[in-house]
Structures are given as C-alpha cells and as structure tokens.
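>>> I'd like to go over a predicted model; first the sequence, then the structure.
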Amino acid sequence: RPLARLRGLRKNYHLGEVQVPALRGIDLDITAGGFTVIAGPSGSGKSTLLHVLGCIDRPDAGQVEIDGITPRELNDDQLSAFRARRIGFVFQNFNLLPVLNALENVEYPMRLLERDGTRRRQRARELLAAVGLQGMETRRPNQLSGGQRQRVAIARALANAPGLVLADEPTANLDRQTGADIIALMRRIQRETGASFVFSSHDPALIQAADVLVRIADGQIVPPLTPPAAPSVP
Ligand code: ADP
Ligand code: ADP
C-alpha cells in the first residue's frame, strides 16, 4: 500500500476578502521508498502540498492518511508527537535556529523523544559527520555557507530517523555544484535508511533524479502523458 494517500485536498489562503486557491482537489498516492519529486511552476501549490503532507498545515477539505494514521483525528499534542517521530522536514529557507550552533540545531528535535543528553549529542555528531560537516559542530548558521546550512537542515530532519523526509525546493538557493552534491547526499541517505523522500522542485537536476515524478499546475495534479493507443484491429 502507498506510504501516504491524499484525497480531494483543497486549501485556500485568505488575503483580506480575497480567497487565493492553492490546492484545488489533489488526489495523490505517495509510493514508499525512493525519491518522489513534485514539480511545477512557481505558485502552483508545491509548498502548500508539502506542508499539508508534512502535517504543518491542515487542508480546508479532503483526506490525508500517512502510514495508516489520519492526522485530522489527532489533537495538537498527538500531531506534534506524530510529526516528530515520523516526518522530517527541510524548509526552503532552512529555518535553523540562529542562536544555536550546528550540533544544537540537530539535537533540538530529539529532545522530545530522547531524554539522555549524551546519547542525543552522540547521534547529532554522527549525523553531522554523515552530511560531511565534521569539525563544524560549534558553528552557528550565520557562520556557515548556504550548502552547509542545507546539510545541517538535512541532518536535523533525520534526527529522529523518520520514515518520511520532505524537502521544500532543497536546491533552489544553492549553486549548481552544491545542488548536485546535496542531491547525491540525499540519494545516499535514502538508500541507507530506506526512508521515503518527497521534494518540491522546479530544478531540472532534481527532477532528473526522481524515481516518481508528479506534476502540479494551478493547484491540481497534471495527469501523466499516456502514449496514443494502438489502433484497434477489428
Ligand atoms: P509553490 O510552492 O508551487 O510556489 P505555493 O504553495 O507556495 O506554491 O502557493 C500556491 C498559491 O498560494 C500561490 O498562488 C501563492 O501565491 C498562494 N499563497 C501561498 N502562501 C500564501 C500565503 N501565506 N498567503 C496568501 N497566499 C499564499
Ligand atoms: P516557503 O516554502 O513558502 O518558502 P517555509 O517552508 O519557510 O516557506 O515555511 C512555510 C510555513 O511553515 C511558514 O508559514 C512557517 O511559519 C511554518 N513553519 C516554519 N517552521 C515551522 C516548524 N518548525 N513547525 C511548524 N511550522 C513551521
């Protein structure tokens, strides 16, 4: 069965009196494992879809089911716990806490689930090493490059070993080479952990790396092109 099942998702943003439709009836199954890339032009609803899938936003209508769990049926505390355990999110602007260093940023989401500070620090060190940031543990975000911040954000998303890792335009703010390095890094982590990775992107390099490509336009899934049917022979 799919890892996640989305049915009839709708979401509008409210700008004063004006309703801005962002999702207009999304039906989508997310395959377990591999890279799923949600591709579409700017403003097509990719971020909104990722935020709903990541249980950061609730839809106005429709059903979300992840790993057999229906987030709508959870209260806020249960939803936070579910997200912490099951879902890692890499935000487009990284959302690192500026007063914490790299190690503390990675450790932060573990505080809910791991009481032993020594174990947390050890895992955070291992994760930073795994993303190639050994020796950078005590640097704060403003002392790191864009690519290094992205690596910290990826390490943080992996902190609680989630089965679902979501990344919003993970290469958008990176130069081409750094973007390629980040894609290779995520590919390696995906293989090693078996987790399901879902990205939003319009970066051709990331679209090329997709195992499953989903196209979205104007808040709706664009059906895949099917080859023309062979002429039927009477
Ligand atoms: P994408 O990630 O593909 O660029 P978004 O999901 O960010 O698309 O946006 C989908 C639509 O919703 C766009 O029309 C965008 O302008 C609108 N939108 C997104 N966030 C907000 C917001 N906070 N307030 C109002 N409108 C928004
Ligand atoms: P975008 O993808 O549209 O550029 P972000 O991914 O940076 O924007 O953030 C989108 C929204 O998610 C923001 O409205 C922000 O308030 C919210 N958000 C950011 N970090 C968290 C978090 N750790 N937990 C819950 N919501 C968050």
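Ah, there it is. Please read all numbers here as calculations on a predicted model, not as lab measurements. Residues are numbered from 1 along each chain as shown. Ligands and ions are numbered 1, 2, ... in the order given.

>>> which SS class is the residue sitting nearest the centre point of the chain?
Nearest to the mean C-alpha position of the chain, by CA atoms, centre = their mean, lies residue 166 at 1.1 Å. Of the three states, residue 166 takes strand under DSSP: H, G, I helix; E, B strand; the rest coil.

>>> Please name the bridge partners of it.
Beta bridges link residue 166 to residue 89, residue 198, judged by DSSP bridges.

>>> Do you know the pLDDT at it?
As summarised for this prediction, residue 166 has a pLDDT of 97.

>>> my guess is it contacts residue 90, does it?
Yes: counting by CB atoms under 8 Å, residue 90 is a contact partner of residue 166 at 6.9 Å. The C-beta positions use only the backbone N, C-alpha and C, and glycine is treated the same way.

>>> what's the overlap in contacts for the two?
residue 157 (CB atoms under 8 Å, 6 or more residues apart in numbering).

>>> quick one: buried residues of the lengthiest helix in the chain?
Looking across the chain with DSSP state H, the single longest helix is helix 176-193. Neighbour counts over helix 176-193 (16 or more other CB atoms under 10 Å) mark 178, 179, 181, 182, 183, 185, 186, 189, 190 as buried.

>>> and which of these is nearest ligand 1?
The nearest member of the buried residues of helix 176-193 to ligand 1, counting by CB to the nearest ligand atom, is residue 179 at 17.4 Å.

>>> Need the pLDDT of the closest one.
91.

>>> Once you drop chain neighbours, what's closest to it?
residue 171 (3.6 Å; CB to CB, 6 or more residues apart in numbering).

>>> Can you give me the neighbour number for the one you found?
24 (other CB atoms under 10 Å).

>>> Spell out which residues of this protein are next to ligand 1.
Taking CB under 6 Å from any ligand atom as the criterion, the chain approaches ligand 1 at residues 13, 15, 20, 22, 40, 42-48, 200.

>>> Drop anything exposed from the residues you listed.
Looking at the residues of the chain next to ligand 1 with 16+ other CB under 10 Å, the buried ones turn out to be 22, 40, 44, 45, 46, 47, 48, 200.
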